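Asks: sharing a sequence plus its predicted fold:
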Amino acid sequence: MRANAHCYNCWVNKQNNPQTNFEALINSLSAQGYVICENFLPEQTILGLRDEAHKRHANLEMRAAKIGLLNQSQQSNIRGDQITWLDEQSENSAIQAYFEQMHALRTLLNQYLFMNLQALETHFAIYPIGGAYQKHLDQFSHGSDAKARQLSSILYLNNDWQANDGGELRLYLNESEYLDILPTAGKLVLFLSAKFWHEVRPAKRERASLTGWFRTRGQLLP
Ligand code: OGA
Ligand code: MN
């Protein structure tokens with residue numbers, strides 16, 4: 001059954017953020033384990049990020065995303081996106097603005113929700129028309145990286161995305177309910193990596209996003 005979600009209008013940084021919106025974000029994340037924010041960054045920054053994603057794609061800097069030890073054709077059945085990782089030292093001003101905002105968010109989450117988030121890893125992702133990502137969890141249960149990812153964060157970069165373009169993020173809330181979230185420009189979705197199964201539905205247009213994971217260095221108790 002499809003559920004409805006509330007979207008908050010959120011600027012995290014100090015100049016733009018009415019405190020009430022940030023409080024709503026914290027409360028919602030704390031109560032539900034996920035939250036959806038509109039306008040997480042100024043339009044100009046979103047445009048800059050989208051241009052950078054497309055530039056890297058055109059320059060063939062993106063690679064098919066990988067999952068564990070699966071071979072190439074097993075991988076592409078599970079996920080169809082191409083990715084490229086972001087470097088915090090980048091000179092690109094939109095990338096700098098993104099990291100600044102994410103660090104402001106991380107500080108606030110640690111302060112109010114004691115999340116102990118330490119590092120952030122982020123990649124651009126472009127899904128071709130028809131590309132999808134089957135239902136999965138972002139936290140790995142095995143290997144040296146097990147349980148490191150605490151909070152998943154996806155920032156969408158797509159202008160004028162319409163409901164019939166598809167490409168929704170389907171976030172499973174429990175056995176019988178899910179949310180379908182359209183990947184519209186400036187929207188940020190946060191959810192607990194250990195808890196929420198999710199998938200990307202096939203889209204009728206190319207679909208661009210920035211996916212990040214806040215990690216903890218210390219091993220959490222299971
Ligand atoms: C992922 C993922 C969701 C999305 O990259 O792990 O689930 O909406 N992405 O792009
Ligand atoms: Mn995922």
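Replies: Okay, I see it. Bear in mind that the values here come from a model prediction, so they are computed numbers and not experimental data. Ligands and ions are numbered 1, 2, ... in the order given.
Asks: how many residues are close by Leu182?
Replies: The number of residues packed near Leu182 is 15, by other CB atoms under 10 Å. Where C-beta positions appear, they are placed from N, C-alpha and C, glycine not excepted.
Asks: relative to Arg170, how far out is it?
Replies: 11 Å (CB to CB, to the nearest Å).
Asks: and the closest residue to Gly212 other than its chain neighbours, how far is that from Asn4?
Replies: Excluding the flanking residues, the one nearest Gly212 by CB to CB, 6 or more residues apart in numbering is Thr122, at 3.8 Å. The gap separating Thr122 from Asn4 is 29 Å, by CB to CB.
Asks: now do Tyr127
Replies: Noted for Tyr127: a distance of 25 Å to Asn4, by CB to CB.
Asks: what pLDDT does Asp145 get?
Replies: We have a pLDDT of 72 for Asp145.
Asks: tell me the residues on the protein that lie near ligand 1, please.
Replies: Within the chain, the positions near ligand 1 by CB under 6 Å from any ligand atom are Ala125, Tyr133, Asp138, Ile154, Leu169, Pro183, His198, Val200, Ser209, Thr211.
Asks: more neighbours: which of Thr122 and Asn4?
Replies: Using other CB under 10 Å, the more surrounded residue of Thr122 and Asn4 is Thr122, with 19 against 6.
Asks: does the closest residue to ligand 1 within the chain have beta-bridge partners, and which?
Replies: Nearest residue of the chain to ligand 1, counting by CB to the nearest ligand atom: Leu169, 3.6 Å away. Going by DSSP bridges, Leu169 is paired in beta bridges with Ile181, Val200.
Asks: dump the residue contacts of it.
Replies: Ile154, Asp180, Ile181, Pro183, Val189, His198, Glu199, Val200, Arg201 (CB atoms under 8 Å, 6 or more residues apart in numbering).
Asks: filter those to the buried ones?
Replies: Buried subset of the contacts of Leu169 (neighbour count, 16 or more other CB atoms under 10 Å): Ile154, Asp180, Ile181, Pro183, Val189, His198, Glu199, Val200.
Asks: what stretches of this protein score poorly on pLDDT?
Replies: Within the chain, the set of residues satisfying pLDDT under 70 comprises 5-7, 9-20, 68-76, 142, 144, 218-222.
Asks: after the longest helix seen in the chain, next one along is what?
Replies: For the chain, the helix with the greatest residue count under DSSP state H is helix 93-113. For helix 93-113, the following helix or strand on the C-terminal side (DSSP states H and E) is strand 119-127.
Asks: about what we covered before: what residues of the longest helix of the chain count as buried?
Replies: Ala94, Ile95, Ala97, Tyr98, Phe99, Gln101, Met102, Ala104, Leu105, Arg106, Leu108, Leu109.
Asks: kindly report the same for stretch 112-127.
Replies: By 16+ other CB under 10 Å, the buried positions in stretch 112-127 come out as Met115, Leu117, Leu120, Thr122, His123, Phe124, Ala125, Ile126, Tyr127.
Asks: is the last one in a bridge, and if so with what?
Replies: For Tyr127, the residues forming beta bridges with it (DSSP bridges) are Arg207.
Asks: in the chain, which spans are strands?
Replies: Secondary structure of the chain (DSSP state E): strands at 7-9, 34-38, 63-64, 82-85, 119-127, 133-136, 149-156, 169-172, 178-181, 188-192, 198-200, 207-215.
Asks: centre of the chain versus the last one, how much separation?
Replies: Translated: strand 207-215. Remark: strand 207-215 is offset 4 Å from the chain centroid, using CA atoms, centre = their mean, to the nearest Å.
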